[in-house]
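Asker: Structure for the following, please:
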Amino acid sequence: MSTMKFCRECNNILYPKEDRDKRTLFFACRNCEHQEVSDYNCVYRNEVHHTAGERTQVLQDVASDPTLPRTKTVRCALCGHGEAVFFQATARGEEGMTLFFVCCSPDCGHRWRE
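Answerer: Numbers count the residues shown, from 1 in each chain. Just a heads-up that it's a prediction; the model follows:
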């Protein structure tokens, strides 16, 4: 799949369009009447590949997320800090929801669940 298509007539960018009646995808020039049927049904594809470090960083960043609820009724087992954010999610290999906590100390970021 090429990343961009260009008009054979005037060399401008071709933009994807659809013909809903015929259920086909084609590319059309906005300057002239040139159109061509697409040989591939995917217009855009974005693949995101994460490293283990990036995934860990996302979990640590939740401590600064203002949309997550916070509690001062728990204490971090690693640093003793008395504030954590919490959220519910499914844990790997388990059914149902699990309550996760992340320490709000900027130097810690410890994660645990109850």
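
Asker: What segments of the protein are helices?
Answerer: When assigned using DSSP state H, the helices of the chain occupy the ranges 52-61.

Asker: Could you list the low-confidence segments of it?
Answerer: 1-3, 43-44, 50-60 (pLDDT under 70).

Asker: Now with 50, please.
Answerer: 1, 53-57 (pLDDT under 50).

Asker: Centroid-nearest residue for it?
Answerer: Val48 (8.0 Å; Cα atoms, centre = their mean).

Asker: Can you name the residues that contact that one?
Answerer: Not one residue lies near Val48 by Cβ atoms under 8 Å, 6 or more residues apart in numbering. C-betas here are computed from N, CA, C, even on glycine.

Asker: Break the protein into its domains for me.
Answerer: Domain segmentation of the chain under automatic domain parsing yields 1-47, 52-113.

Asker: Pick the most buried one from those.
Answerer: Burial of these is given as mean neighbour count (mean count of other Cβ atoms under 10 Å); domain 52-113 ranks first at a mean of 13.

Asker: Just give me how far that domain sits from the chain centre.
Answerer: What separates the centre of domain 52-113 from the centre of its chain is 19 Å, taken as Cα atoms, centre = their mean, to the nearest Å.

Asker: Once you drop chain neighbours, what's closest to Asn12?
Answerer: Asn31 (4.9 Å; Cβ to Cβ, 6 or more residues apart in numbering).

Asker: quick one: the residue nearest to the centre of the chain and Cys7, what's the gap?
Answerer: Distance of Val48 to Cys7, computed by Cβ to Cβ, to the nearest Å: 31 Å.

Asker: thought Asp65 was touching Val85?
Answerer: Yes: counting by Cβ atoms under 8 Å, Asp65 touches Val85, with 6.6 Å between them.

Asker: For Asp65, give its distance to Ser105.
Answerer: The spacing between Asp65 and Ser105, counted by Cβ to Cβ, is 15 Å.
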